[in-house]
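Asker: Quick one, what's the 3D model for this:
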Amino acid sequence: MLTTIAEENNLSETCFVATRAGGGNDSFKHDSSFDLRWFTPTNEVALCGHGTLAAARSIFEVGNQHESLIFHTLSGELVASRSDDGNEISLDFPLNVPRVVESEDSDYQMIRDLADFVLQLTEGACSLEIIRLAHCKTTKKLIVHTRSIDDSVSNLEALESLRVPSPDLVLKFHSGTVVTGVTILVGGHGTPYDFCSRYFSPWNGIPEDPVNGSSHTVLAPYWINAELGGK
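Answerer: Numbering: from 1, shown residues only. Predicted coordinates:
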């Protein structure tokens, strides 16, 4: 039923919130603990950042006065807290630390071939070069850290020029046993940001996700450890 609804919505993720006490609609105004699940058009996923943010905002807007909400999910308990003025919501998410994939690793060639193939499909092989690869076994997310080949083209310009890779070709190349999401990452030189990225997950029915909070549970620790020396 939930997958069918998500398929009909045809959005990157559809989230479903339920009260835990079974008290009906009034429970959304009074409870602080809820069940939360996320579905893509094809399957359930373990974590969705923007879906969680939207769920929290919706509950607060129906008049819930709690400062924080607890969501029970496949990724454990997630906490959403609002600021004193009610204009901001902060999310406490898990930290999924990836490992840098080294050339001597047994899975290096498979992961490198997949990264090269996806980059080729985006037509980015002529504009971006791979600096480093990182993989998170827990989330099955692959980080392809790149930079612009042409000094006259910024990292962000090169990233924005990429085409969405053909989902069918990606799925034929890799079944999803090791990777179910690919982030192409560049440093944010010349922008207000530490880094910029694009996220592709045809294995979850998402050719490209326009916003992806769950990938940042992997990107943030990667960037801190690989680029900021762990600080």
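
Asker: I'd like to know which elements the worst-scoring helix or strand of the chain on mean pLDDT is packed against.
Answerer: Using mean pLDDT, DSSP states H and E, helix 27-30 stands out as the lowest-scoring helix or strand of the chain, at a mean of 90. On a contact count with 3 or more CB pairs under 8 Å, 6 or more residues apart in numbering; DSSP states H and E, helix 27-30 meets strand 14-19. Just so you know, the C-beta spots here come from the backbone N, C-alpha and C atoms, and that holds for glycine as well.

Asker: Does anything pack onto the strand it packs on? Which helices or strands?
Answerer: Packing partners of strand 14-19 (3+ CB pairs under 8 Å, 6+ apart): helix 2-9, helix 27-30, strand 33-39, helix 49-61.

Asker: Quick check: which of the ones you listed is nearest to residue 95?
Answerer: The minimum distance between residue 95 and the helices and strands packed on strand 14-19 falls on helix 49-61, with 13.2 Å, by CB to CB.

Asker: send the alpha carbons of that closest one over as PDB?
Answerer: C-alpha atoms of helix 49-61 as PDB (Å, rounded to 0.1, in the frame of the first residue of the first chain):
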ATOM      1  CA  GLY A  49      16.600  14.000   5.600                       C
ATOM      2  CA  HIS A  50      14.200  16.300   3.800                       C
ATOM      3  CA  GLY A  51      11.300  14.000   4.400                       C
ATOM      4  CA  THR A  52      12.100  14.100   8.100                       C
ATOM      5  CA  LEU A  53      12.300  17.900   8.000                       C
ATOM      6  CA  ALA A  54       8.900  18.100   6.200                       C
ATOM      7  CA  ALA A  55       7.300  15.800   8.700                       C
ATOM      8  CA  ALA A  56       8.600  17.800  11.700                       C
ATOM      9  CA  ARG A  57       7.400  21.100  10.100                       C
ATOM     10  CA  SER A  58       4.000  19.700   9.400                       C
ATOM     11  CA  ILE A  59       3.600  18.500  13.000                       C
ATOM     12  CA  PHE A  60       4.700  21.800  14.500                       C
ATOM     13  CA  GLU A  61       2.400  23.700  12.200                       C
END
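
Asker: following it, which helix or strand comes up?
Answerer: The C-terminal neighbour of helix 49-61 among helices and strands, as given by DSSP states H and E, is strand 68-73.
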